[in-house]
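J.: Sequence first, then the predicted structure, then my questions.
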Amino acid sequence: QVQLVESGGGLVQAGGSLRLSCAASGTILSIETMGWFRQLPGKQRELVAVITSGTGTNYADSVKGRFTISRDNAKNTVHLQMGSLKTEDTAVYYCHADTVVGQRYNYLELWGQGTQVTVSS
């Protein structure tokens, strides 16, 4: 079974740091873009940061300079180092990956189960 498993969420004070990790498992032929999204209560899921297989990155304006996304292609993992956290960063964070699987090289979009990040004032 192909899946993404996240870890690293939790409670932190404003100004602090957290590191989220996500590992893809299963029979995956390749992973193109990996990224992190977040969802606040009652709002749509929004992009936080993405990274291509060639390590090109893109960030939401709200997190530029504070968050850093990285990946390990050999381990099929992606990380999000979050610093200078603000209360408005509080959300459920979801890992995302665009993968190629199976004998027919099918595209499969994967989402993690979500991990809660709470930043207190």
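T.: That came through fine. All figures in this text were calculated on a predicted structure; none of them were measured in a lab. Numbering: from 1, shown residues only.
J.: Report the strands that pair with whichever strand or helix holds residue 94, each with its relative direction.
T.: Secondary-structure element containing residue 94, defined by DSSP states H and E: strand 91-101. Sheet partners assigned to strand 91-101 using DSSP bridges are listed as strand 28-39 (antiparallel), strand 106-111 (antiparallel), strand 115-120 (antiparallel).
J.: Show me the contact partners of the first one.
T.: Applying CB atoms under 8 Å, 6 or more residues apart in numbering, the external contacts of strand 28-39 come out as 2, 20, 22, 24, 45-53, 69, 71, 73, 76, 78, 80, 89, 91-102, 105, 114, 117. To be clear about C-beta, it is placed using only N, CA and C from the backbone, and glycine gets the same treatment.
J.: can you rerun that using 6 Å?
T.: Applying CB atoms under 6 Å, 6 or more residues apart in numbering, the external contacts of strand 28-39 come out as 2, 45, 47-53, 71, 78, 80, 91-94, 96-101.
J.: same check, this time on stretch 105-115
T.: For stretch 105-115, the external contacting residues (CB under 6 Å, 6+ apart) are 4, 6, 9, 22, 92-97, 99, 101.
J.: ok, of these, which one's closest to residue 60?
T.: residue 93 (12.2 Å; CB to CB).
J.: quick one: the residue lying closest to residue 101 once chain neighbours are set aside and residue 77, what's the gap?
T.: Spatially, and ignoring its direct neighbours in sequence, residue 101 is nearest to residue 108 (4.9 Å; CB to CB, 6 or more residues apart in numbering). Note on residue 108: its distance to residue 77, by CB to CB, to the nearest Å, is 17 Å.
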